[in-house]
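> A structural model of the following input is requested.
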Amino acid sequence: MTGCQVFISHSSADRRWVEWIAVQAQALGVVPYLAEHDPKPGTSLSEKVREAIRQSDAMIVLLTTSGMDSPYVHQEIGVAVEQGKLVVPLVHPAVQNRSLAMLDGKEYILFDFDDPRDGSSSLILKLQELASAAAARDTRQQLRENLEVAFALAAMMALIYLASQGDA
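Reported below is the predicted structural model:
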């Protein structure tokens, strides 16, 4: 996979903010993954979500009152943690003092959806960081591939040269 993909875990009640976050991510070159935008009729929803999390570089999770009450959000967090993914929680002030379950002790972005200025700037900085890391990773991968091609060509040229010396 090239570029950076983030899985956005959320309650459907927070759709307005999820769409806003997806637009911000796309503007920075980060591909947001939203399960509802990836219909795959006849496939297992849980397998689709697990695979999307596996293919993502990180997860952004909206922990609003609705998100905290959603068993699916907590299951998605568990899958991401199990897979060693970076999980970036956006925590609404109304749930700030509640246990974040598997995310207890993790740093989070306090995100007041009624006044998102502070939280949105922190989120955008994190998205920029993820995009930069993915770009650097892609550049390193491209360099590795270019070196592999160069070595293969050099080996072929050496074999052709050696073969031509045997004819002389």
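
> So what's the residue count around Ala27?
10 (other Cβ atoms under 10 Å). C-beta here means a position set from N, CA and C on the backbone, and glycine is covered the same way.

> Then the one 4 residues further on?
For Val31, the neighbour count with other Cβ under 10 Å is 18.

> Who is it paired with across the strands?
Taking DSSP bridges as the rule, Val31 bridges to Gln5.

> Could you pull up the residues touching it?
Neighbour list for Val31: 3-6, 25 [criterion: Cβ atoms under 8 Å, 6 or more residues apart in numbering].

> Closest to Met59 out of those residues?
Closest approach between the contacts of Val31 and Met59, by Cβ to Cβ: Val6, at 6.6 Å.

> what does the model give that closest one for pLDDT?
As predicted, Val6 sits at a pLDDT of 93.

> How is Phe81 assigned, secondary-structure-wise?
Just so we're on the same page, residue 81 is Val rather than Phe. Three-state assignment for Val81 (DSSP: H, G, I helix; E, B strand; the rest coil): helix.

> residue ranges of the helices in this structure, please?
Under the criterion DSSP state H, the chain carries helices at the ranges 15-27, 45-55, 65-68, 71-82, 117-167.
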